[in-house]
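A.B. asks: got a sequence here, can you model it:
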Amino acid sequence: MRDGINRSRLTAVEEAVEVRTIETLAEYGETMDRIGRMRSELTGAIAKGAEVFAEPARLEPPIEAMMGEADAGCSRERHLLPSGEKSRAERGDEGGEAEVVVSTDRSQQAVPEDEGHGKDLRLSPSSGPAGHLLPVGEKGRMPGLPVCRVSLSEWRHHPLARHSRALSRDWGCNARDEQKPPEGDWRNWLIMGGRGSGKTRAGAEWVHALASADKRSDLRIALVAETLGDAREVMIDGVSGICRIARTNRPTFEISRRRLVWSNGAVAQIFSSEDPEALRGPQFHFAWCDELAKWKHAEETFDMLQFGLRLGADPRQVVTTTPRPVPVLKRLIADPGTRLVRMSTLENATNLSPGFIRTIEARYGGTRLGRQELAGELIEDREDALWKRADIEACTSRFTTALRRIVVAVDPPSGSGEGSCCGIVIAGLEASGRAVVLADCSVEGKSPAGWAYAVAKAYSRFQADRVVAEVNQGGDMVTAMLKSVDAGLPVTMVRATRGKYLRAEPVAALYEQGRVAHAGRFAELEDQMCDFGPDGLSSGRSPDRLDALVWALTALLLEGHGEPRVRGI
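C.D. replies: Below is the predicted model:
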């Protein structure tokens, strides 16, 4: 490349760019070679590492050096060195090739000496193997090994350097005890955890381990989520999904057939709680149910799954969910065949953003919502709440009859931003006079134009008769914003003259009289209904979804603002 360039025409900047380009190409080639070697050796890495650890101590870099690459100040892996140091590390100039000096004496807290200048590099034991990679009884009790020296080039090609990377990615070494399948005889492994506690990763690892255990397999596994979109985006392609955590034998996702296929023949099929009947017919060896507590038709879907879990000598299922006091979850906890595991968000703090932990602790620490969403506790209904979950469960059914009126109720947020929520609830009126809650289309973190578009979309989707919008927060601006999105929207403005609790009481009475039904499960809306008392929500936030529900049912049953129209002839 150099010979084909007229050197006299290159400026200093061009010269530097040329040199850096050549170095980068060389580094890229070396990196790809290393990746190829790692792939070919990965299958036997764990077994080889175990053999090495079982041998008597000898003058080689001990396990303390294995995790040195986690600390850039202690590791001299070439790809972690500054670009200017890489060539020197290869040539071994400026004082000859550097040496790594390793000691297992935990009383010696050595530090790098003249780092990056070819002198001795002393690795502190603190930069050695992470404590969570050792058995509980062995932490802090590793036998002393003699100090030994090894050149950087020798260490780069040492078997332990390769095995250390494999161990750092091995789930058996890194998983917490509560993320591993329980021992003994069980049918249901129930993992109730807070947001980001690692429950999805546990479910994905369990499924992948089962599916890829044998060279040939006829296993059939069910993956059930609230929606098909959730199944794909969380259970399969999510950060902790099956396809992302599969280090070897990664399955292929056949979108058209809604299934994962492993190379050994194992198959996992995805299902949605929106269509329980899809589970009628298929049969399975194992199942993974994600976020059971917020399934739309939880009872029907879970029942259909149990009928199909009938293959093999020991059918089992794992259920990963953030807890809510719904009947199906309570029954599962009481089942003698259930092994219950609880996990909190803070237990997985090392894998989460520090800013996230600080924010949620400051805002939700000690609250009912925080105990449920972060600590993974099952919080029962408030005694002074206007609604009870058992009553909501009793009035939930699959809706099929015709409706005489349909309204879209809107409770606009007082501001915009990440924490704002615009309540949007759609309800209809049957010919018998019973109201049916059709959907909760509330949106969070949207601008005024964003939630106005969501309202217009819901109006069109359900072919509604009218939009009922509370204008206490925005006045005429609310109507103007809705009209700017769709000038033909029939908007009725309503203004609250009484407190939220006083307005909600008559609507709660309608539920007690059996005059309201739900066409499905609306988890976030039901949470607000069962947590709403005289002093509002226990979290102190505005009950936006509940407000929209109150306006919709008030318009249909208490004031009759919904106007009938001819839908077709």
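
A.B. asks: just the helices in the stretch 251-400 of the chain please.
C.D. replies: Taking DSSP state H, counting those that start in this stretch as the test, the helices found in the stretch 251-400 of the chain are 298-308, 327-334, 354-364, 368-373, 389-394.

A.B. asks: quick check: Met481 touching Gly450?
C.D. replies: No: applying CB atoms under 8 Å, one finds Met481 not in contact with Gly450, separated by 10.2 Å. Every residue, glycine included, has its C-beta placed from N, CA and C.

A.B. asks: when the two are compared, which one has more neighbours?
C.D. replies: Remark: of Met481 and Gly450, Met481 carries more neighbours, 19 against 15, as counted by other CB atoms under 10 Å.

A.B. asks: in the chain, what helix or strand scores lowest on average pLDDT?
C.D. replies: strand 121-123 (a mean of 39; mean pLDDT, DSSP states H and E).

A.B. asks: picking up where we left off before, mean pLDDT and distance to Thr21 for the helices of the stretch 251-400 of the chain - can I get that in JSON lines?
C.D. replies: Output for the helices of the stretch 251-400 of the chain, formatted as JSON lines (pLDDT from 0 to 100; distance: least, CB to CB, whole Å):
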{"stretch": "helix 298-308", "mean pLDDT": "94", "distance to Thr21": "57"}
{"stretch": "helix 327-334", "mean pLDDT": "90", "distance to Thr21": "59"}
{"stretch": "helix 354-364", "mean pLDDT": "82", "distance to Thr21": "38"}
{"stretch": "helix 368-373", "mean pLDDT": "77", "distance to Thr21": "50"}
{"stretch": "helix 389-394", "mean pLDDT": "83", "distance to Thr21": "65"}
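
A.B. asks: and the top helix by length along the chain, what does it pack against?
C.D. replies: The single longest helix within the chain, with elements called by DSSP state H, is helix 12-41. Counting contacts by 3 or more CB pairs under 8 Å, 6 or more residues apart in numbering; DSSP states H and E, helix 12-41 packs against helix 83-91, helix 159-169.

A.B. asks: all helices for the stretch 101-250 of the chain, in order.
C.D. replies: Going by DSSP H, counting those that start in this stretch, the stretch 101-250 of the chain shows helices at 152-156, 159-169, 171-174, 199-211, 228-230, 242-245.

A.B. asks: any idea how far the shortest one is from the middle of the chain?
C.D. replies: The reference is to helix 228-230. Relative to the centre of its chain, helix 228-230 is centred 13 Å away, using CA atoms, centre = their mean, to the nearest Å.

A.B. asks: check stretch 419-435 too.
C.D. replies: How far stretch 419-435 lies from its chain's middle: 30 Å, per CA atoms, centre = their mean.

A.B. asks: would you mind writing the CA trace of it as PDB?
C.D. replies: Coordinates of each C-alpha in stretch 419-435 appear next as PDB, following Å, rounded to 0.1, in the frame of the first residue of the first chain:
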ATOM      1  CA  GLY A 419     -43.600  10.600  33.900                       C
ATOM      2  CA  SER A 420     -46.800  12.000  32.300                       C
ATOM      3  CA  CYS A 421     -49.800   9.800  31.500                       C
ATOM      4  CA  CYS A 422     -52.800  10.600  29.400                       C
ATOM      5  CA  GLY A 423     -55.800   8.400  30.500                       C
ATOM      6  CA  ILE A 424     -57.700   7.000  27.500                       C
ATOM      7  CA  VAL A 425     -60.500   4.500  28.200                       C
ATOM      8  CA  ILE A 426     -63.100   3.200  25.700                       C
ATOM      9  CA  ALA A 427     -66.400   2.000  26.900                       C
ATOM     10  CA  GLY A 428     -69.700   1.000  25.300                       C
ATOM     11  CA  LEU A 429     -73.400   0.500  26.200                       C
ATOM     12  CA  GLU A 430     -75.300  -2.700  25.500                       C
ATOM     13  CA  ALA A 431     -79.000  -2.700  24.500                       C
ATOM     14  CA  SER A 432     -79.700  -4.100  27.900                       C
ATOM     15  CA  GLY A 433     -78.300  -1.000  29.600                       C
ATOM     16  CA  ARG A 434     -75.100  -2.600  30.800                       C
ATOM     17  CA  ALA A 435     -71.800  -0.700  30.200                       C
END
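
A.B. asks: in that stretch, which residues are buried?
C.D. replies: 420-430, 434-435 (16 or more other CB atoms under 10 Å).

A.B. asks: kindly report the same for stretch 309-319.
C.D. replies: Quick answer for stretch 309-319 (16+ other CB under 10 Å): 309, 315-319.

A.B. asks: list of residues touching it?
C.D. replies: 181, 186-191, 202-203, 206-207, 219-220, 222, 283-289, 292, 305, 332 (CB atoms under 8 Å, 6 or more residues apart in numbering).

A.B. asks: likewise for stretch 486-495?
C.D. replies: 455-456, 459, 465-472, 478-479, 482-483, 551, 555, 561, 563.

A.B. asks: repeat that for 10 Å
C.D. replies: 407-411, 452-453, 455-457, 459-460, 464-472, 475-476, 478-480, 482-483, 551, 554-555, 559, 561-563, 565 (CB atoms under 10 Å, 6 or more residues apart in numbering).

A.B. asks: low pLDDT regions in the chain?
C.D. replies: Residue ranges of the chain with pLDDT under 70: 1-10, 13, 39-40, 42-169, 366, 474-475, 560-569.

A.B. asks: swap the cut-off to 50 and go again
C.D. replies: 1-5, 56-147, 561-569 (pLDDT under 50).

A.B. asks: before we move on, back to that, restricted to strands, list the buried residues of stretch 309-319.
C.D. replies: 316-319 (DSSP state E).

A.B. asks: of the contacts of stretch 486-495, keep whichever come out buried.
C.D. replies: 407-411, 452-453, 455-457, 459, 464-471, 478-479, 482, 551, 554-555, 561-562.

A.B. asks: what about those, which are in helices?
C.D. replies: Residues of the buried ones among the contacts of stretch 486-495 located in helices (DSSP H): 452-453, 455-457, 459, 478-479, 482, 551.

A.B. asks: can you redo those as TSV with distance to Glu274?
C.D. replies: Listed next are these as TSV, based on distance: CB to CB, whole Å:
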residue	distance to Glu274
Ala452	27
Tyr453	24
Val455	23
Ala456	24
Lys457	19
Tyr459	22
Val478	32
Thr479	34
Leu482	29
Trp551	26
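
A.B. asks: just flag the most distant two among those residues.
C.D. replies: Tyr453 and Trp551 (19.6 Å; CB to CB).

A.B. asks: quick check on Gly423: phi, psi?
C.D. replies: Main-chain torsions, Gly423, degrees, to the nearest 10: phi -70, psi 120.

A.B. asks: my guess is it meets Ala409, correct?
C.D. replies: Yes: Gly423 is within contact range of Ala409, at 7.6 Å (criterion: CB atoms under 10 Å).

A.B. asks: could you pull out the residues contacting both of these two?
C.D. replies: Common contacts of Gly423 and Ala409 (CB under 10 Å, 6+ apart): 470, 547-552.
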